[in-house]
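Colleague: using only what follows, build the 3D model:
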Amino acid sequence: MRRYVEVDGRKIVFEDKSDDGSRFTTTGKTRVCYTSVGFDLTLSDSVSDLLKTVYEVLEVHRAMAAKRQSLHRDMSIFNIIMYPLLEPFDKFCIGSSHTVTDDGMHETRQLGGRKARCLTIDLENATKLPGKPANTTELCNTVGTPAYTARAVSGGMLWCNRTSLDYELTMPLLYGDARALYIDTYGEQRYNRYNDTNETIHGGKRPQYKTKDELIDMAYGQPFYHRLEYDAESIFWVMYSTLLRVVPYGFRETHISKKSLIKDWERFRVHTIPDELNGLEDSRTELIERNLLLLKKAFPDVMAPVAELLSQIASHVRPSYALMDGPPIYEDHLHEAMQRLILQYLVNNLDNPIPLTPYKLRTLTIKDAVTVHCGTHTGSTQGFMKLYTEG
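Modeller: Residues are numbered from 1 along each chain as shown. Predicted coordinates:
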């Protein structure tokens, strides 16, 4: 197979010609370099700081989609920077500079002196969303970091098992200071926009007159493309795996807690993108379907409220919304649900930030690396390993 390189305006196009003379083209990767540096989520000063960053990442991600029609498609722990040390910039932020976590979490920075709490990096897998000039073929490909890809993205088809077809939870409602803070920051119109009626779930409608088996059969016949909510699920996996590894100040690992950690981390470590489409198997399924009692056992006792938060968020991430009779009206509905739950937690735990031990993670061995940057279902699945251990 021969390869030609042409310059088409500002794009570089690789043109492949097979032995029979047929051609196909793919767009080359573009690297975006930042002058800013920062820290990954495992170096958070506290659990609350970590969750504030996750909240802001969700806000920036949905703003990129709304204002730039851009979908990241590789939201992993390696592509999120917190505590960034920013160089001077113009028009750098896509999202609002007036953020809820700045104003509501006892932070006193002046509006003109604020800087981003987080940066999302590595946009080489980003693509345009439908509705604008878009490469729809790219949206049908599976790309990303396997440990953090959404279940549907990993399988290359709509995710479907019996628990993902339970549509019970409506959009979370805020109360008390959290609700007041949200409305003061974003306005009541945005708040009401995402609230459900008696007939909707996340703005969509429950499947009518179809059994779960019929819905599973239907999933195999529907086209797959990378939906906005799948990146929100990736951010959930990043949050889950990071909280699993951080060390609360004063925590001492026991044999039982270490055994639980290794078992849970193994579900992230072995997860990969299969060579063939598979919408029914995922090594992380038990993590997202786990009941609260078992979930709490995976975390230090002081993090029990965090386990409750993860359980609540998992209940909203779990459903396969694309199989509803009427999918959610707003594509960022899952971002909204996750952010509301995180905000309520942060307000409720203002006096309990859960300080973390600096530069320390719950210990794993060298074999406990996670696979990153595998290929796609339309190409190679060769990847490499990146260590995610204490050392």
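Colleague: quick one: low-confidence residue ranges for the protein.
Modeller: For the chain, the stretches with pLDDT under 70 are 1-35, 86-116, 130-138, 275-280, 365-391.
Colleague: if I pick the residue nearest to residue 193 when sequence neighbours are not counted, what's in contact with it?
Modeller: Nearest non-adjacent residue to residue 193, counting by CB to CB, 6 or more residues apart in numbering: residue 330, 7.1 Å away. C-beta here means a position set from N, CA and C on the backbone, and glycine is covered the same way. If you count contacts by CB atoms under 8 Å, 6 or more residues apart in numbering, residue 330 has them with 193, 194, 203, 336.
Colleague: does the first one sit in a helix or strand, and which one?
Modeller: Assignment of secondary structure by DSSP states H and E places residue 193 within helix 188-194.
Colleague: buried sites along that helix?
Modeller: 191, 194 (16 or more other CB atoms under 10 Å).
Colleague: what do you get for stretch 165-179?
Modeller: Applying a neighbour-count criterion of 16+ other CB under 10 Å, the buried positions in stretch 165-179 are 165, 167, 170, 171, 172, 174, 178, 179.
Colleague: again with stretch 230-249
Modeller: For stretch 230-249, burial by neighbour count (16+ other CB under 10 Å) applies to 230-248.
Colleague: ok, longest helix in this protein?
Modeller: With secondary structure taken from DSSP state H, the chain has its longest helix at helix 47-68.
Colleague: check which helices and strands that helix sits against.
Modeller: strand 70-71, strand 80-85, helix 100-104, strand 118-120, helix 228-245, strand 246-248, helix 333-348 (3 or more CB pairs under 8 Å, 6 or more residues apart in numbering; DSSP states H and E).
Colleague: if we can go back for a sec, Three-state assignment for the residue nearest to residue 193, please.
Modeller: coil (DSSP: H, G, I helix; E, B strand; the rest coil).
Colleague: count the residues that sit near the closest residue to residue 163 other than its chain neighbours.
Modeller: Excluding the flanking residues, the one nearest residue 163 by CB to CB, 6+ apart is residue 289, at 5.3 Å. Using other CB atoms under 10 Å, residue 289 is surrounded by 15 other residues.
Colleague: quick one: residue 289 and residue 318 touch, right?
Modeller: Yes - look at residue 289 against residue 318 with CB atoms under 8 Å: they come within range, at 6.9 Å.
Colleague: so which strand or helix has residue 259?
Modeller: In this assignment (DSSP H and E), residue 259 forms part of helix 255-269.
Colleague: am I right that residue 153 is in contact with residue 226?
Modeller: Yes - here residue 153 reaches residue 226: they are 6.2 Å apart, a contact under CB under 8 Å.
Colleague: more neighbours: which of those two?
Modeller: A direct count of neighbours by other CB under 10 Å for residue 153 and residue 226 places residue 153 higher, at 28 against 24.
Colleague: which residues touch the more buried one?
Modeller: Residue 153 sits next to 142, 143, 144, 226, 230, 234 when contact means CB under 8 Å, 6+ apart.
Colleague: put together TSV for those, with distance to residue 306 on each row.
Modeller: Formatted as TSV, the contacts of residue 153 follow (distance: CB to CB, whole Å):
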residue	distance to residue 306
142	30
143	30
144	25
226	29
230	24
234	19
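Colleague: closest one of these to residue 198?
Modeller: residue 230 (28.0 Å; CB to CB).
Colleague: what about that closest one, distance to residue 214?
Modeller: Remark: distance between residue 230 and residue 214 (CB to CB, to the nearest Å) = 23 Å.
Colleague: any figure for the gap between residue 307 and residue 242?
Modeller: As judged by CB to CB, residue 307 and residue 242 stand 14 Å apart.
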